[in-house]
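A.B. asks: Test case, fold it:
(2 chains, ligands or ions: 2)
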Amino acid sequence: MVRLTVNGKAHDIDVEPNTPLLWAIRENVGLTGTKYGCGVAQCGACTVHVDGVATRSCSFPVSAAVGKQITTIEGLAQSGALHRVQRAWIEHEVPQCGYCQSGMIMAVAELLKNKPKPTDADIDNTITNICRCGTFQQVRAAIHAAAAQA
Amino acid sequence: MNFVPKMNRRSFVIGSAAAGGGLAIGFDLPFGPKEAAAQTAAPELGVWVVIKPDDTVVIRMARSEMGQGTITGLAQLVAEELECDWSKVTYEYPTPGQNLARKRVWQSYSTGGSRGIRESHEYVRQGGASARMMLLQAAANEWKVSVEQCSAANSVITGPDGKRTTFGKVADAASKLPVPEKPKLKDPKDWKIAGKPIKRFGTEDKVTGKQVYGFDLKLPGMLNASIKESPVFGGKVKSFDAAKVSGMKGVKKVLQVGDTAVAVVADSWWQANTALEALPIVWDEGPNAKVSNATIAETLKAGLDAEQAFVGNQNGDIKAALTSAAKKVEAVYGYPYQNHVCMEPMNATARYTADKCEVWVPTQDGEASFAAVLAASGLPADKCEVYKLDLGGGFGRRGAFQDYVRQAVLIAKEMPGTPIKLLWSREEDMAQGRYHPVMQCKLVGAFDKDNNLTGLHMRLSGQSILASVRPQVLEQEKGRDPLAFQGVFQTGEHAFGYTVPNLLIDHAMRNPHVPPGFWRGVNINQNCIFLECFMDELALAAGQDALEFRRKLLGKHPRNLGVLNAVAERIGWGKPAPQGVHRGLAHMKAFNAYVAAAAEVSVTGNKVKVHRIVAATDPTYAVNPAQIDRQVAGSFVYGLSALFYQECTVKDGRMVELNFDTYNSMRIAQMPKVESIIMPAGGSGPWGGVGEPTICVAAPAVLNAYAAATGKRIRSFPLKNHNIELA
Ligand code: FES
Ligand code: FES
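C.D. replies: Ligands and ions are numbered 1, 2, ... in the order given. Predicted coordinates for the structure are as follows:
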């Protein structure tokens, strides 16, 4: 048994300690907003926050997450209000298929926490998620829009 | 239903009385009997529109949504004719089984070839118009006035003497009236909903993690499966040692799937996949185990000068033109295998009993999925059903090819009653693609002494998609694959735009063992690179400007010329570019749309920065400009990722690159500024596609700009093979 705290709630789950956090979240905790895209820390679809740090959960063992605060896309909204990144995403209609967007949004939410007014270069250096639909133009516009809201 | 996300504006089944109760749901699913029951009671006006008493308009969708915005566009077209209140519009997917039971009233489900809107706009608009006429008639009947005295706007019907009612109030009576056939459609000039950049459906669910993709499906009692198919295409399973892994935690079953694959079923997918990776499998690799990139390239090379070839386009006498040429220019190009790499890997969920086989699947063609269920289950059509889920990317991988559906059903058959969710690992997705085919091309141009282009021979040598996917087409075509000539064909939706007095475009078919498929844009990707890069080579040889050279050859094709001129003007062709920046152009007619691009790049050492691409598209009509804009920019990400990074290398009969670490995809840092010019010409001609056409012009425009910057012409891809990086 491993105890994970996901979106403020404790879950006791029965997994091998080396199970990737991604699959524990999806299959054992049952939150499927966090996506699998590569399993090898390349695409960012699985990005969650571990103690506030954007983390590619496919390559992060569950054992390392014990005792930490894990936030997934489902936990980003606070008391029923969408996070400003989510609101900007809706306003700018960022998603196409949407599959990469949970990870993209989690990565951006951390960026804005660390750099409230990121430059284009900050965005280029920090946001390395893959989007096969190619939504980058909207992603960039929406990041700046979300930053302007802070 | 409490674990289930709210499915705003979307439900997955229909349940009209005519569909026989329609509730094809066996489970607690992300769509509930509640919605379905409500729909059962709601009156159907024709087959495309259901209106509920509360005025909710439910529009039926046969096509699939994979991020391209088709569903929103189709709803706009129906709503436009219906004259309903857009805020009341939702949609639903009639199942393929229901379509079959109702003699295919919803027609094609195929969502590929950029067909979603362009091939169904007329009948769905008619569906909306007929429904409006039925509603008006019902109101007229109730008021005992003539229908001409009634009009509809915003879901409200008004009649003489201030009479007023709503769609919802008369829908029941309207549903009992005959459905008018071939109603008159609005002039697009009068569109109020169609043609507008209306926000697409479903965005909120995508940014909150609520959207349920095939990967996310949960059914009670469900088990998870991971699969490995012979990595050498055409190979078979010889043996596997199930005992080695069957004791592993969570593992429920280790089984062979057909002749070619082995799967592990477990409580969780992670357990299944971990066991599968530990499972010793011996393959009978078959006759292709020695095939490599080099052997394939040799085969194709021989085709470049082969006697026999299928003709796709011809006029004048190319032989004579080449013989009498004052100057000849020749070049050989090559294009690699590429994988779709949809962000959501392939998957399907199946539940089989002797009485019923049901499958949940993200599919570009619900009917193709249905056919796969039928074949794999062995059950009759009335015992099969498919429920479509929105796709995490499709790009052509999920339409004609339903291998994952077949596999899921075969596994479920071994465990009757237990729902099996089969997910492919990314590695399986890369190893078992339906790849963009390989092609080489030799081009020869002939000039007279005044530098007029007198002849062009374009010889393609390489793989036919239809030879393996739709061999019946080749039979009709006496062996030819007409699709090989996309963008350079004699006539039709992929017609060649240039007028050259002596022309021959032919294809020596060479089919390696690698399974080919339809990859976003399909054969326009390589054909546009071959043709449009060579056009620049010809212009250079003739000492002419690349734009002027093309203009002279496009006089007979004003719409081709129109998009080319539009991008040239916007990029500032002929005017000085910013310091260190160089420009390139390309254009094509594809899927009945006319498209062009002009790129600005700078080159520093081996690094190429693509600063800006101006794109133009003329798809005849533009149903949702905001979505078109996104498709254009998105297609460039897909196309430029392919140009710079992507090759599936064949070694020992199998694919080498198995994940994004070796098969890269562009990130935001590399994204150029994309400006799209949407310039629909209107008129009564065929509508053009949107999702694919523009993909083909990005790569040649960038390559031409690269050549302008460096004087170097690159003719084989991806560019990483030349140590060229995208900055
Ligand atoms: S799934 Fe974790 S980075 Fe791709
Ligand atoms: S929106 Fe489809 S992969 Fe990013």
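
A.B. asks: What residues does chain A have near ligand 2?
C.D. replies: Residues of chain A found near ligand 2 (CB under 6 Å from any ligand atom) are A:95-101, A:131-133, A:135. Where you see a C-beta, it was placed from the backbone N, CA and C, and this is true even at glycine.

A.B. asks: Now with 5 Å, please.
C.D. replies: Counting by CB under 5 Å from any ligand atom, chain A comes close to ligand 2 at A:96-97, A:99-100, A:131-133, A:135.

A.B. asks: Out of those residues, which are close to chain B?
C.D. replies: Among those, the residues within reach of chain B (CB under 8 Å from any CB of the partner chain) are A:96-97, A:99-100, A:131-133, A:135.

A.B. asks: Name the member of those residues with the most neighbours.
C.D. replies: For these, the largest number of neighbours (other CB atoms under 10 Å in any protein chain shown) sits with A:Cys131, at 34 neighbours.

A.B. asks: residue contacts, that one?
C.D. replies: Counting by CB atoms under 8 Å, 6 or more residues apart in numbering or on different chains, A:Cys131 makes contact with A:96, A:100-101, A:104, A:139, B:343, B:637.

A.B. asks: Filter those down to just the ones in helices.
C.D. replies: Among those, DSSP state H puts A:101, A:104, A:139, B:637 in helices.

A.B. asks: Which members of the ones next to chain B among the residues of chain A next to ligand 2 are the farthest-apart pair?
C.D. replies: Using CB to CB, the pair of those lying farthest apart is A:Tyr99 and A:Thr135, separated by 10.7 Å.

A.B. asks: mind checking which helix or strand the most centrally placed residue in chain A is in?
C.D. replies: For chain A, A:Met106 is the residue whose C-alpha lies nearest the centre (CA atoms, centre = their mean; 2.9 Å). Using DSSP states H and E, A:Met106 sits in helix A:101-114.

A.B. asks: what helices or strands is that helix leaning on?
C.D. replies: Under the contact criterion of 3 or more CB pairs under 8 Å, 6 or more residues apart in numbering or on different chains; DSSP states H and E, the helices and strands touching helix A:101-114 comprise strand A:47-50, strand A:53-56, helix A:84-91, helix A:120-126, helix A:136-149, helix B:203-207.

A.B. asks: Between the ones you listed, which one is closest to ligand 1.
C.D. replies: Closest to ligand 1 of the helices and strands packed on helix A:101-114, according to CB to the nearest ligand atom: strand A:53-56, at 4.1 Å.

A.B. asks: So the residue nearest to the centre of chain A is in contact with A:Ala54, correct?
C.D. replies: Yes. Under the criterion of CB atoms under 8 Å, A:Met106 makes contact with A:Ala54 at 5.9 Å.

A.B. asks: what residues are shared contacts of the two?
C.D. replies: Residues touching both A:Met106 and A:Ala54 (CB under 8 Å, 6+ apart) are A:47-48.

A.B. asks: Tell me how chain A divides into domains.
C.D. replies: Chain A breaks down into these domains under automatic domain parsing: A:2-76, A:84-148.

A.B. asks: Packed most tightly, which of those would that be?
C.D. replies: Compared across those, domain A:84-148 shows the largest average neighbour count, a mean of 22 (mean count of other CB atoms under 10 Å in any protein chain shown).

A.B. asks: how long is it from one end to the other?
C.D. replies: Using CA to CA, to the nearest Å, the end-to-end distance of domain A:84-148 comes to 10 Å.

A.B. asks: Could you pull up the mean pLDDT of that domain?
C.D. replies: Per-region confidence: domain A:84-148 scores 98 on mean pLDDT.

A.B. asks: cool, and stretch B:253-270?
C.D. replies: Stretch B:253-270 shows a mean pLDDT of 98.

A.B. asks: Same check on stretch B:91-104?
C.D. replies: On average, stretch B:91-104 scores 96.
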